[in-house]
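1. Sequence first, then the predicted structure, then my questions.
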Amino acid sequence: MAAFCGTILRNTLIVMVKEPHPGRVKTRLGAGIGMVRAAWWYRHQVARLLRAVEDPRWELVLAVAPDAEGLGSRVWPAHLRRVAQGCGDLGCRMGRLLRGSGRVCIIGSDIPDVTAARVASAFKALGRADAVFGPCDDGGYWLVGMTRVPVRAFWGVRWSTEHALADTERSLGDLRIAHVDMLRDVDTVADL
């Protein structure tokens with residue numbers, strides 16, 4: 001945790017996850033390898049990711065979907081706190097999750113190369129900037145973190161396109177923005 005003006009700022013890392021049911025997760029990947037295999041890959045990818053990023057420097061929280069099923073799921077580790085993603089598009093859901101106290105970073109669950117060191121660099125960047133992004137080579141991002149969330153954050157973002165990062169940055173107005181390592185997410189067979 002970081003100290004700021006005598007106040008302790010809590011670091012929180014939120015991982016967005018979905019219940020790994022065939023046909024409900026990684027459907028673009030499933031189009032190439034089959035829905036059962038895609039769900040299997042996703043479940044094991046998330047388990048590996050959670051082991052990689054669990055660290056005493058931050059609280060690890062799962063943002064689950066669908067809400068009711070995810071909150072009671074036995075798929076995810078029982079010792080991790082869970083919160084519902086809630087309704088709305090990705091921007092609405094992330095905006096709500098980022099409005100915690102302290103420094104909050106959100107990562108997706110389909111990025112194999114995420115490590116605790118990479119997450120730590122994002123929290124460090126939030127010491128110098130208002131927002132931090134971990135870009136993906138497809139124009140999106142694997143991580144977003146903020147110390148304060150503008151009202152118009154995530155408005156007008158063209159999700160799942162090569163414009164997602166640029167649109168999101170534009171929606172943040174005059175916030176100071178930092179970037180960390182570029183990584184690749186897995187959406188299709190070619191990404192594997």
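-> The structure has been received and is ready for your questions.
2. which non-adjacent residue is nearest the residue nearest the centre of the chain?
-> For the chain, residue 107 is the residue whose C-alpha lies nearest the centre (Cα atoms, centre = their mean; 1.9 Å). In this structure, residue 107 finds its nearest non-sequential neighbour in residue 143, 4.9 Å apart by Cβ to Cβ, 6 or more residues apart in numbering. Yep, even glycine has a C-beta here, placed from its N, CA and C like the rest.
3. now do residue 46
-> Nearest in space to residue 46, with sequence neighbours left out and distances taken as Cβ to Cβ, 6+ apart, is residue 109 at 4.8 Å.
4. can you tell me which residues contact the residue nearest to residue 107?
-> Applying Cβ atoms under 8 Å, 6 or more residues apart in numbering to residue 143 gives the contacts 105, 106, 107, 108, 114, 118, 119, 122, 132, 133, 134, 180.
5. can you check residue 27 too?
-> 35, 38.
6. Equivalent analysis for residue 29, please.
-> Contacts of residue 29 by Cβ under 8 Å, 6+ apart are 38, 41, 42, 186, 187, 188, 189, 191, 192.
7. May I see the ChimeraX selection of the buried members of these?
-> Burial among these is assessed by 16 or more other Cβ atoms under 10 Å; the matching ChimeraX selection reads:
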select :38,41,42,186,187,191
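8. Just the buried positions in the helix ranked longest in the chain, please.
-> Once the chain is assigned using DSSP state H, the helix that runs over the most residues is helix 35-53. Residues of helix 35-53 classed as buried: 35, 38, 39, 41, 42, 43, 45, 46, 49, 50, 52, 53 (neighbour count, 16+ other Cβ under 10 Å).
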